[in-house]
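Enquirer: Build me a structure from this.
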Amino acid sequence: MSLKTVIIDDEPLAIEVIRSYCDSLSDIEVVGQFSNPVEAMTFINSNTIDLVFLDIEMPLLSGMELVETLRYKPQIVFTTAYPQFALEGFELDAIDYLIKPVAYKRFLKAMNKVRKQLPGENASEVKITPEAEKPFIFIKSEYESLKVFADEIKYVESLRDYLKIHLSNGKYVLTLSNFKNLLEKLPEKTFMRVHNSYVVNISFINSIQRNRILIDNNRIPISDTYKKAFFEKIRI
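Expert: Predicted coordinates for the structure are as follows:
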């Protein structure tokens, strides 16, 4: 049995993330995705839907208000960047509450809760594998958003308004962003800023030569601003 699923969010990238997670599971069938909550409400009320991933803060109609307008209630998993809405969400009998940015491992835990509400044969849990635990980010590049695993990023170079993300396969991705936004999404344990123009993945460092880091054949400077914190982190 496939769970007929609808995704509702006013942020296209948020829809894309949840959609990619759903597509990774064979028993989820995404039958609709909407950025307009009113259109989503009409669709759900006209079809038999098993599961809804629903953003809370949206124009026209909030996720909470949308739930109250439904003729019947599918299983609801709220998604939002605001944890203060969690209690209100559970008062509406939501199955779970996901805080953005949503990690894949956390998504799988929510799906296990969904499955426990299903009868008999469908109640088995999703096994969370080491691959599922690998952190990743979506990088917006030109007209698409690319899924990149954190452990594939060797280092990141700032080029004015753009970031050049160097990958382990020798390729790179250009994105209109800044280090502050990027570092909020990457694992703090392995990524560190070493210069106004560079962030490195410590796992890829081959050697350190005075004020320079060697990653493959690339020499990356360590500035005085970040030197102390860097050497404390790697314990040299």
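Enquirer: tell me which residues of stretch 197-217 are tucked away?
Expert: Using 16 or more other Cβ atoms under 10 Å as the test for burial, stretch 197-217 gives 197-202, 204-205, 213, 215. Where you see a C-beta, it was placed from the backbone N, CA and C, and this is true even at glycine.
Enquirer: Identify those among the residues you listed that sit within strands.
Expert: 198-201, 213, 215 (DSSP state E).
Enquirer: Tell me where the model's unsure across this structure.
Expert: Along the chain, segments meeting pLDDT under 70 span 1, 84-92, 119-133, 236.
Enquirer: Tabulate the buried residues of stretch 197-217 in a markdown table, adding columns for distance to Phe136.
Expert: Putting those into a markdown table (distance: Cβ to Cβ, whole Å) gives the following:
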| residue | distance to Phe136 |
| --- | --- |
| Ser197 | 24 |
| Tyr198 | 21 |
| Val199 | 16 |
| Val200 | 18 |
| Asn201 | 13 |
| Ile202 | 18 |
| Phe204 | 16 |
| Ile205 | 21 |
| Ile213 | 24 |
| Ile215 | 20 |
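Enquirer: For Ile18, which three-state class applies?
Expert: helix (DSSP: H, G, I helix; E, B strand; the rest coil).
Enquirer: quick one: contacts for it?
Expert: By Cβ atoms under 8 Å, 6 or more residues apart in numbering, the contact list for Ile18 reads 7, 9, 53, 79, 102, 107.
Enquirer: ok, it to Tyr198 distance?
Expert: According to Cβ to Cβ, to the nearest Å, Ile18 and Tyr198 sit 32 Å apart.
Enquirer: Which single one of the buried residues of stretch 197-217 is nearest to Thr69?
Expert: Val199 (45.1 Å; Cβ to Cβ).
Enquirer: The closest one and Leu183 touch, don't they?
Expert: Yes - using Cβ atoms under 8 Å, Val199 is in contact with Leu183, at 6.7 Å.
Enquirer: if I look at the two, which residues touch both of them?
Expert: 191, 193.
Enquirer: Could you check which helix or strand contains Lys228?
Expert: helix 224-234 (DSSP states H and E).
Enquirer: Return the distance of that helix from the chain's centre.
Expert: 29 Å (Cα atoms, centre = their mean, to the nearest Å).
Enquirer: do the same with stretch 223-236
Expert: On Cα atoms, centre = their mean, the centre of stretch 223-236 falls 29 Å from that of its chain.
Enquirer: what do you get for stretch 215-224?
Expert: 29 Å.
Enquirer: which residues touch that stretch?
Expert: Stretch 215-224 has contacts (Cβ under 8 Å, 6+ apart) with 154-155, 166, 194-196, 198, 200, 204-206, 208-209, 211-214, 230.
Enquirer: now do 7 Å
Expert: 154-155, 194-196, 198, 200, 204-206, 211-213, 230 (Cβ atoms under 7 Å, 6 or more residues apart in numbering).
Enquirer: okay, among these, which ones form the most distant pair?
Expert: Farthest-apart pair in the contacts of stretch 215-224 is Asn196 and Asn206; separation 22.4 Å (Cβ to Cβ).
Enquirer: Report the contact partners of the residue of the chain most remote from its centre.
Expert: Here the centre of the chain is the reference, and by Cα atoms, centre = their mean the most remote residue is Arg210, at 36.6 Å. Contact analysis of Arg210 by Cβ under 7 Å, 6+ apart lists nothing.
Enquirer: at 10 Å what do you get?
Expert: Shown in contact with Arg210 (Cβ atoms under 10 Å, 6 or more residues apart in numbering): Ile222.
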